[in-house]
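Q: prediction below, plus the sequence it came from.
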Amino acid sequence: MSSPTPHHAGSGEAAPSRPRHFIEEIVEADNASKKWGAWRPEEIKPGAAQVPGAPRVHTRFPPEPNGYLHIGHAKSIGLNYGLARAHGGKFNLRFDDTNPTKEEQEYVDAIKADVKWLGADWEGPHGGGLFFASDYFEQMFAFAEELIRKGKAYVCDLSPEEVSARRGKPGVPATSPFRDRPAEESLRLIREMRDGKHPDASRSVRAKIDLASPNFNLRDPVMYRILHEAHHNTGTKWCIYPMYDWAHGLEDSLEGITHSICTLEFEDHRPLYHWFIDAINEGRTEDSSGPWGKRIHHPQQIEFAKGRPTYTLLSKRNLLKMVQDRVVSGWDDPRMPTISGLRRRGYTASALAAFWEDAGVTKVESWIDVGRLENALRTELNRTAPRRMAVLRPLKVTIENYPEGQSEELDAVNNPEDPAAGTRKVPFGRTLYIEREDFMENPPKKFFRLSPGAEVRLRYAYFIRCTSVVKDPASGEVTELRATYDPATRGGDAPDGRKVKATLHWVSAEHAVRAEVRLFDRLFKAERPGEASGNYMDDLNPDSIEVVAARLEPSLGSAEAGQIFQFERLGYFNADRDAAPGTPVFNRTVTLKDTWAKVAGKD
RNA sequence: UGGGGAUUGGUGUAACGGUAGCACGACUGACUCUGGAUCAGUUAGUAAAGGUUCAAAUCCUUUAUCCCCAGCCA
């Protein structure tokens, strides 16, 4: 039994300990049959992991830069990068930037940062490189002209509305009066379109496939639309832009992608993927003899199911709307399911990879209990996160028999799961803070914590016993506890062997650092946002954030943004960039499991 | 409606004609200076109906349910 090795964007070289999923089986079968040939020495960059003669495996992650990446994308990135890594192959990051109306440089930059953070290094030993669909516009245009010459594409003068009206129905074919336009005329028009002679949407280039196909994607799909719009990469050079179906297979082909992995909704686009490449290859030959030249590479498209964590929303469109409507503070709001939001919340790349590894790769669309995501994080952080003490909702405790003005330093273990993490000193004094919910004046039966007359341990410090309760006379609220301590229990053990049932975390009032701590709850209160209500906004959780003024042990005063700690008995907390000098800000990533909450909740 | 997919415990997933298994959760208990962690145990499933076969989650037929497509989005 091997302990789980750290995961980053897909598992490592070693064969996974779980059964292979269907895509791994396809890749392995392809490798066995040498379907994609072998790496040639000239394809291998210095320091790269490919081995000459080994089977080619080349994957890619092709986001459109129209928003930020979210946890769903992490699945695809892990799958694609993991496949390349596990088989000595290459991985490309490619921006599918074919629609300038939605795309922005900001998104390109953010996506690059997120993919890198996730560990899918397109420049490392498995890196195939960074690419943009827009870099291929010229080549694509040449291919389009070729299809027109071959009688497989034409310029259509129908407006979008007319195309839609003429699309036909199941059993009723679509129509276009321009289908049989002479190639010479289409060639002239596509040139004019490119040269800006025609207004937006006045014409389009269409593939001549099958107007009667039951698969509507094949009813002469549009290849180019006219769009007089600046592009983040090509500026104003182009005013016609290729459609996804036309562009995507060519991008894969040009890059030598072997396995073009996408999600289920593209299944009925697969015939198109093949049609376009086959159409280009018609008349082409392996040795480039003949009028059309050398055949182009023909990758394989494979579809897998997205997964959705419960209580989260994963549509780019709606995430964008929440950002625009200020429902959240931005794309990286710690409540967002975006990669940048999760990172700020305190999630690690390896926990995200472990989560998706756990969820598996299939063709079944499913909701995955968000608790599994939290568990993936807890499992990792339990091993790695340094422990600290912090009191979220302070209740003052005065140790009556501890001398005034005195203080001392006690040894605290940094991580009981990792002896190498060592110990630290924690100051103790006469006045302390404990967690408000660790005291009850009239405790129910199974409440082990502090109550009048009860004795508990202060972690790494002393046993204390509550002697009296001070209340605000007006409100009746408990404002302070008086207690006595047993000096013989220093460090937390009683020489006489007596036991206590609870150990509480605490901070010294004199030494504690004040901090803002943000407690997050799920953004949506419905398990499947929008599904029952029809509108995801109706399912927003109004209490998804609570800010408390906490007191932290002094060592936390110097925490740097991005450092993750376990606050003992509370959960994992990530230092946020909003910190001001001397007053840290922490985000609660996830709580610890809380058996007591469950017991108490039953009453 | 036409086309394309899917259906195994509460959840996710495996079994590729031959013992329905794993993980998470839930529940018990042990242990514990975190009501955490850890350890031991319990729990519960092949969408339905027919058929083929010595043998069916798996093959065949029919049915049911769910998802996707019918953008000049990707």
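A: Ah, there it is.

Q: just confirm A:Leu254 contacts A:Gln139, I think it does.
A: Yes: under the criterion of Cβ atoms under 8 Å, A:Leu254 makes contact with A:Gln139 at 6.7 Å. Glycine gets a C-beta too; all of them are placed from N, C-alpha and C.

Q: so between those two, which is more surrounded?
A: A:Leu254 (18 against 13; other Cβ atoms under 10 Å).

Q: separation between A:Glu255 and RNA strand B?
A: 15 Å (Cβ to the nearest atom of the strand, to the nearest Å).

Q: my bad, should have said A:Glu192
A: 15 Å.

Q: quick check: that residue is in a strand.
A: No: assignment of A:Glu192 by DSSP: H, G, I helix; E, B strand; the rest coil gives helix, placing it outside any strand.

Q: wait, isn't it in contact with A:His198?
A: Yes: with contact defined as Cβ under 8 Å, A:Glu192 counts as touching A:His198 (6.1 Å).

Q: between those two, tell me which one has more neighbours.
A: Legend: neighbour count by other Cβ under 10 Å for A:Glu192 and A:His198, higher for A:His198 (18 against 13).

Q: which residue sits closest to that one, ignoring its sequence neighbours?
A: Nearest residue to A:His198, sequence neighbours excluded (Cβ to Cβ, 6 or more residues apart in numbering): A:Ile226, at 5.7 Å.

Q: check what pLDDT the one you found gets.
A: Looking at A:Ile226, its pLDDT stands at 98.

Q: now swap in A:Glu13 and tell me
A: 39.

Q: A:Gly592: neighbouring residues, count only.
A: Careful, residue A:592 is Leu; it's not Gly. Neighbours of A:Leu592 (other Cβ under 10 Å): 15.

Q: might you report the residue contacts of it?
A: A:Leu592 makes contact with A:378, A:566, A:569-572 under the criterion Cβ atoms under 8 Å, 6 or more residues apart in numbering.

Q: try 7 Å this time
A: A:569-571 (Cβ atoms under 7 Å, 6 or more residues apart in numbering).

Q: can you get me a residue count around the residue in the stretch 51-200 of chain A positioned nearest to RNA strand B?
A: Residue nearest to RNA strand B within the stretch 51-200 of chain A (Cβ to the nearest atom of the strand): A:Pro170, separated by 2.9 Å. If you count neighbours by other Cβ under 10 Å, A:Pro170 ends up with 6.

Q: for it, give me phi and psi.
A: Backbone torsions for A:Pro170, taken as degrees, to the nearest 10, come to phi -50, psi 120.

Q: now do A:Asp278
A: Here is the backbone geometry of A:Asp278 (degrees, to the nearest 10): phi -60, psi -40.

Q: and the stretch 151-300 of chain A, which residues reach RNA strand B?
A: Contact residues (Cβ under 7 Å from any atom of the strand) of the stretch 151-300 of chain A with RNA strand B: A:156, A:158-160, A:163-164, A:167, A:169-171, A:200-204, A:214-217, A:221-222, A:225-226, A:241-245, A:248, A:264-269.

Q: for ChimeraX, write the select line for the buried members of those residues.
A: Only the buried entries of those go into this ChimeraX selection, using 16 or more other Cβ atoms under 10 Å:
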select /A:156,158,163,203,204,217,221,222,225,226,241,242,243,244,245,248,266,269
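
Q: could you say which helix or strand holds A:Glu510?
A: For A:Glu510, there is no enclosing helix or strand under DSSP states H and E.

Q: now it: closest residue in space that isn't a chain neighbour?
A: That would be A:Gly429: by Cβ to Cβ, 6+ apart, it lies 5.0 Å from A:Glu510.

Q: before we move on, what about A:Arg295?
A: Leaving aside its sequence neighbours, A:Arg295 sits nearest to A:Arg284 (Cβ to Cβ, 6+ apart; 4.4 Å).
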